[in-house]
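Novice: Here is my input, please return the structure:
(3 chains)
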Amino acid sequence: MSSSSFPNPVRVLRRGERDEEIIKALKNEGFDINACMQCGTCTASCLSGRWTALTVRKVMRKAALGDSSVLESSDIWMCTTCYNCYDRCPRDLKVTDAIIVLRNLASARGFIHKNHRKVVQILAKTGHAVPINDKIQQVRKELGLPKIPPTLAKYPEERELLAKTLFQLAPEEGDEQ
Amino acid sequence: MTETQRYSFFLGCVMPNRFPNLEKSIRVVLPKLGIELEDLKGASCCPAPGVIRSFSEPTWLALASRNLALAEKAGLDIVTGCNGCYGTFKEALHVVHEHPQRLKEVQHILGDIGLNYEAKTDAKHIIEIIFEIGPEKIKELVVRPLTGLKIAVHYGCHLLKPSVLRPWKKTQRPTFLDELVEATGATSIRYKDKFLCCGAGGGVRGSNVPVSIDIAREKLDNAINAQADAILNVCSFCHLQYETAQVQINKEIGEMKYRLPVIYYTQLLGLALGLEPDELGLNKHLISVDSVLNKVLG
Amino acid sequence: MVPLTPKGQKVKSKKYGKIGIFLCRCGTNVADVIDIEALREKYENEGILLVEVDDHLCSEQGVYDFINKIKQSDVERVVIAGCSPLLHRELFTEAIREAGIDPGHLQMANIREQCSWVHYDDHENATRKAAAIIDTSIAKIRSSKPLLLYKTHITERALVIGGGVAGLTAALELADAGIETVIVEKEGFIGGHMAKWDKLFPTFDCSICILGPMMARASRHKNLRIMTLSKVKEVRGSVGQYKVHIVQKARYVDIETCTGCNRCIEICPVEVADEYNNGIGLRKAMVRPSGDTVPLAPYIDTENCIGCQSCAGVCEPKSLRFDEEDKSEILNVGAIIVATGFETFDASIVEELGYGENPNVLTSLELERLINPTGPTSGIVVKPSDGKPPKRVAFLLCVGSRSTRFNRPYCSRVCCTAAIKEAIQLKQHLPNVEIYIFYTDIRTFGKGQEELYIRAANDFKITFFRGAVGEVIHDPINDKTIIRAEDTLLRRMIELEVDLVVLMVGMDASPTNIELSRLLKTPLDENGFFLEQHPKLGPSSTHLKGIFLAGVVQGPKDIADTVAHAGLAASKVKTLFATGQIISEACAPSFDESVCIGCRLCEEACAPKAIKFINTVPTIDIAACRGCGACAAVCPSGALDLPCLTNEQLEQATQAAVRFNPLKPAIVGYLCRWCAYAAADKAGISRIKYPPNVITIQVPCTGRLNIDTILSAFSEGADGVAVMGCHVQDCHYRSGARQARDRVEKVREVLKAIGIDKRRLYFGSVSASEAELFAEQIENFVNIITELGPLGAEISKTSRAFHAQTTKRKVTKSG
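Specialist: As a prediction, this is how the structure comes out:
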């Protein structure tokens, strides 16, 4: 019987198919991802996994094998970073931090949700992920607080300086997911 | 209070720009506990650990370090009322403490904008400094015991975890916030999945609103089933989640089914200390807290 | 082939004496990393009389060839380059004796544990380092002295610490062989954990039915003495002649006359939580946890007794002894078996499982007590929250095992089968109960255990889920207990409502091991269990000849393995006692009265007080001397020397270790044989890498090192010197490591004074089990020296003065 009669033919990860960048990035952050014994404590502790397709255990397995599909899937973006998996991992792996590393790699390759990109753009412009608006200025006044809080909102020159220096680090535009 | 403590008050984004009523309650309640707050002028977003740290970790670290450097310049420890900001600062300090090379990189970047940074300042959560004062002391200060008020306590995730970078003895089933709630005379009720995340963090609220709201809804249901008078939090982002989620669900289902008051700890404490509801911004909630006020004030 | 730097000109064999070198490939263990042919060529070119290569020198054939080749040659001194002396020194000691050479002239160059297993990915440097190790061994052996042997008498009495199944097995074996044996048990009764269990896996035989007769036999055995409520307070002496100080708490009930009628227990008005049943149920202040106890007499728990003496009123044989006092006793024994067992993991640490908060979350031990007919519910299994029988039960494996998170990375080895056994028992009690076992890997490897696993699934319809449980949550509204897990095989989330959750808690090393380890001078492993002499060949032995291990004290085991292990421990004691005497290598100092200046520093340095001055001359008690060499190290005139490692040998080895170290920086490491050397070996066994720059020299104790030796390393050009021994308080000679530390501190000041950075001399402490710590210290030290640069980088003119001074010192001494 030819393999084509199966809808999902067996796939063998070949040498060279391993995405060494994933493995390297995790290693640089100090994750010994091969220590994972796939016990499923992470998945079992994951609230997102109860609502979404996120299976943390699977993400860790793919990452350990250098399977780049882990970066392309939206699964890693379903993590609420509640750190339950990180805290409970019997092998003491920093699971949540590993997901953040994978997200950084995904971002660098252009796999970013448009809403996230928007947040980053707002941050670059205003210095805040959630900027002040007229309505809240009014509320602040009614509460007896200064209309503009003493944050970057009040210091436009500083804001511009930051936009010029710190945000040079932001990744370049890529294809939106 | 025997001695006054001073902190650099870090506002973040959600608190001053969406829920200034929480900011107000902190500003009026903390001095009553002998804690003085100095504004951290020119502070930016912490920045958000879910979105920004995921997007570009180096940017996240640089910006977080800038905020910490501002506090360091003021010679004070930083204090925040948002779990996310707290997480960012704790983690950002950890990164540079563990990796001297990262500290050097950050110092270089901050040097360009004229800031010195030694990573010597500490980051604290408002609830941490209140707990340092202790539930016993707070009990003594209470003039209006909130007897009979049933509170569903919500800790939030980044306040507690990762536990190795947090000061708490217990982080999976902690009790310190319950102790602080009970110090006001209110009852901290037991309810299912008390330690469930609010569902907003990690950028999920930004990218996948339905999932985020479903998670919040489950917890709200659990609190409502346990006959809570209010859900109490210590995080402006969790606060945003529980208030806006109720508004959104109500809109979706076309009826005002969800009306569980969402209260920030300093608001509850303020009431117990005898402050007026308006002083604590309790008149500026998206979900009315009148049911709570009626119970407390009669 | 790895090019090896020749040692200047070709050395004539005469200069070396008649030396033979045996290079062992150790299969591929050495040969895969180290270029043995290059070594062979080097030593043949250097004119070594006999250079042989073998695949497995320790094999029957290897030893045979070894003996014959030596016999057929004129070789007088032998270096074996291969594994650690800690592994096979005894084997080759016998072999070389058979070949007609005194074992004093044997050196083992450790190129496996301290070279090929460490630098496994650096063939070139490993080979160069191996050459330096062998060169150092050659230097050390050049002036070796014959071994002195001496006999000591053995006290043919054994002490067994711990009266559980391990201790009982070992003690009965010994007693049956006619050896007087004493069991010291800290609890009021013997039997240990096993006495609490109902049925045992995989055969479902009743625990007390097999343990009971053992306990009864032990209590009646003429060669066996059982001391309950007792603790070891101090241990002195060495193999064959230990003096053990034991403190026994008063029982207040006379064991001889008590009939075990239990009336005193019935009348006792005090009720406290019963720790024997893990806090389920209550017990009295007059304690006797079951009707099967040995001894059958109860004891009074003085912490809780209110002193009402009601017990005395009902005691017919008048067995109460309120005036009894705690006793203290010194026992003379020849060997000690440690059988102190384990404690179970405290499940409340795993907060998210709700143990201690949710009454329906139990540990495996609590369930065991619930199933047991002698337990608090007389064998009826109920939900603690409402007393009703459970309908659905979940077992959670690996609670406190395989957990780096809780510093318990090891597998406890019994929980899988124990869970299956308890699950089957539950099914037998309550046929309709649904049972789910959540596992990561099922490890039913013992005899009959896999079959039990099959039966559990087939005959008892127990459901196995491959997935660890994330959390156990409790819904207070309807009092429901819910488990969250992932069926990892189906990639599906599980939310399961259950009535009872059973946590299969792992085995913790007993916290008392720490104190006991200190008393016995026997190291613990990284998990707090006692470290065996060899994981395969010496699992019941320790690094000390008279101390043996039985049961879980060495690491988690089931009962079958525990009994086998305890039997081995007993057998080892019997072998030790067989001849009634011990022939050991005496390393008592030699004494040259003509140069002694009578300063008495040696007397002060000798921890076992083997040196006593009579008039102006020291006398040495060979039986008391433990051969540490502290006396020789402090002797300012050279009157005292250690024949098994003379000052000359030390100095020559030091010179060689510096001169022939091909790497930069070149570092000499002096390792005490008990801890640091063993830790270095363990690093190799664990394949922990560290830089190859250190050539080590084994010393009996760091206290053996005199100031001259350390300084000679520097005058020879060493870039750094590391002195590493036991943790100071754990020194096997009590004060040696402390003396070494103080001496090193002094030399550091001297170095500073002459312009050498004092960081070049390092004093480090590790226990035998701390392989990672050893590697870490070596790496840090090498990094520091690398940063400092070669010796002399910091020296200006003062260096010349230093060299002149040290050279002069040598001249004066030899002159």
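Novice: List the contacts of C:Ile154.
Specialist: C:240-241, C:334, C:576-577, C:579-582 (Cβ atoms under 8 Å, 6 or more residues apart in numbering or on different chains). Just so you know, the C-beta spots here come from the backbone N, C-alpha and C atoms, and that holds for glycine as well.
Novice: hang on, I meant C:Arg236
Specialist: Per Cβ under 8 Å, 6+ apart, neighbours of C:Arg236: C:242-245.
Novice: A:Cys42 reaches A:Cys89, doesn't it?
Specialist: Yes - at 6.3 Å, A:Cys42 counts as touching A:Cys89 under the criterion of Cβ atoms under 8 Å.
Novice: Would you check which pair of the contacts of C:Ile154 lies furthest apart?
Specialist: Greatest spacing in these, by Cβ to Cβ: C:Gln241 and C:Thr579 (14.8 Å).
Novice: picking up where we left off before, got a PyMOL select line for the buried ones in the contacts of C:Arg236?
Specialist: Selection of buried members from these for PyMOL, criterion 16 or more other Cβ atoms under 10 Å in any protein chain shown:
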select buried, chain C and resi 242+244
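Novice: Smallest distance to chain A belongs to which residue of the stretch 501-650 of chain C?
Specialist: Going by Cβ to the nearest Cβ, chain A is nearest to C:Gly506 of the stretch 501-650 of chain C, at 11.2 Å.
Novice: which residues in the stretch 51-200 of chain C form helices?
Specialist: C:60-72, C:85-98, C:123-141, C:165-176 (DSSP state H, counting those that start in this stretch).
Novice: got it, and the stretch 701-815 of chain C?
Specialist: For the stretch 701-815 of chain C, the helices defined by DSSP H, counting those that start in this stretch cover C:707-716, C:736-753, C:771-788, C:798-814.
Novice: Up against chain A, what does the stretch 451-600 of chain C have?
Specialist: By the rule Cβ under 8 Å from any Cβ of the partner chain, the part of the stretch 451-600 of chain C lying against chain A is C:466-471, C:484-486, C:488, C:491, C:493-495.
Novice: can you rerun that using 10 Å?
Specialist: Neighbours of chain A within the stretch 451-600 of chain C, by Cβ under 10 Å from any Cβ of the partner chain: C:465-471, C:483-489, C:491-495.
Novice: ok, back up a step: out of the helices of the stretch 51-200 of chain C, the one nearest chain A is which?
Specialist: Closest approach to chain A among these (Cβ to the nearest Cβ): helix C:123-141, 24.1 Å.
Novice: Counting by contacts, list what the closest one packs against.
Specialist: helix C:13-16, strand C:19-24, helix C:36-45, strand C:77-82, strand C:106-110, helix C:647-659, strand C:694-699 (3 or more Cβ pairs under 10 Å, 6 or more residues apart in numbering or on different chains; DSSP states H and E).
Novice: picking up where we left off before, now rank the contacts of C:Ile154 by neighbours and give me the top one.
Specialist: For the contacts of C:Ile154, the largest number of neighbours (other Cβ atoms under 10 Å in any protein chain shown) sits with C:Gly334, at 25 neighbours.
Novice: And that one, how far from chain B?
Specialist: Shown here: C:Gly334 relative to chain B, a distance of 48 Å by Cβ to the nearest Cβ, to the nearest Å.
Novice: Please verify my assumption that that residue contacts C:Ala578.
Specialist: No - taking contacts as Cβ atoms under 10 Å, C:Gly334 lies outside contact range of C:Ala578: 11.4 Å.
Novice: Mind jotting down where the helices sit in the stretch 451-600 of chain C?
Specialist: C:513-520, C:559-577.
Novice: Please name the bridge partners of C:Leu524.
Specialist: C:Phe530 (DSSP bridges).
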